[in-house]
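>>> need a structure here:
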Amino acid sequence: MAAVIRLARQRVWLPVVPFAISWAMLFGYQWAFYLVYRGHQATVFSYYSGVVGDGLLIPVLNVVGFVLLQQLPVPIPWRRWPAYGLLGLATAVIVYLFQASHDLVNWSMPVPYQWSDVGQFHFFVLASEMSYLYLVLATAINNWKELFADSSSRRSFALGWVCVALFFASLAVDYIH
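Predicted coordinates:
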């Protein structure tokens, strides 16, 4: 009982929040949409990047970013949030245009340049996700000295890049075959 109270006071459970939000916004809604989907396109369960990437790697990446922001002894540059928002939006547009121009169709984009309801929602989730990751990355880079002075921060930063690499590997596996 004392250990639980100690953990609660230390807010050890707090990283569960970004994981739960990430999972719900990246994978949970697709899973729910799958239950009512009656189309002919491959669904999220047909893609490693959907199940492993959106369902595990990106939520872990978001937790790592959250922990990193907590560990760095510097304020988060919230005044730059509009710039990160625009970068996130631009990244989402580029990803969707790349997907369409290369005929990478699935249930979110059943026909190039035409997004389904799940695809439209995923566009905004992707833009939001990228905005958050730009904030984390910029904060880490702007505080490089503090980042590398703390071994825990270094490990979090490295784990984040491992998650990114594994996510891109899952995308490659999905679209190479």
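>>> Relative to Gly39, how far out is Ser46?
Distance, Ser46 to Gly39, using CB to CB, to the nearest Å: 12 Å. For every residue, glycine as well, the C-beta is placed using N, CA and C.
>>> So what does Val111 have for phi and psi?
Note on Val111: backbone dihedrals following degrees, to the nearest 10 are phi -130, psi 140.
>>> Can you give me the neighbour number for the residue nearest to it when sequence neighbours are not counted?
Excluding the flanking residues, the one nearest Val111 by CB to CB, 6 or more residues apart in numbering is Val105, at 6.6 Å. By other CB atoms under 10 Å, the residues close to Val105 number 15.
>>> Could you check which helix or strand contains Val105?
Per DSSP states H and E: Val105 is located in neither a helix nor a strand.
>>> my read: it touches Gln41, true?
Yes. Counting by CB atoms under 8 Å, Val105 does reach Gln41; the two are 7.1 Å apart.
>>> secondary structure class for the most centrally placed residue in the chain?
Residue closest to the average C-alpha location in the chain (CA atoms, centre = their mean): Ile58, at 3.9 Å. Three-state assignment for Ile58 (DSSP: H, G, I helix; E, B strand; the rest coil): helix.
>>> Pull the contacting residues for the closest residue to it other than its chain neighbours.
Spatial nearest neighbour of Ile58, chain neighbours left out: Leu26 (5.4 Å); criterion: CB to CB, 6+ apart. Residues counted as contacts of Leu26 (CB atoms under 8 Å, 6 or more residues apart in numbering) are Asp54, Gly55, Ile58, Pro59, Val125, Glu129.
>>> check contacts around the residue nearest to the centre of the chain.
If you count contacts by CB under 8 Å, 6+ apart, Ile58 has them with Ser22, Leu26, Glu129, Cys163, Phe167.
>>> cool, and Val173?
Per CB under 8 Å, 6+ apart, neighbours of Val173: Tyr48, Ser49.
>>> measure it to Lys145 for me?
Distance from Val173 to Lys145, by CB to CB: 37 Å.
>>> What of Tyr34?
Applying CB to CB, one obtains 46 Å for the distance of Tyr34 from Lys145.
>>> same thing with Gly53?
Taken as CB to CB, the span from Gly53 to Lys145 is 32 Å.
>>> Who has more neighbours out of the two?
Neighbours were counted for Gly53 and for Lys145 using other CB under 10 Å; Gly53 has more, 24 against 7.
>>> Just confirm that one contacts Leu171, I think it does.
Yes. Assessed by CB under 8 Å, Gly53 is found in contact with Leu171 at 7.0 Å.
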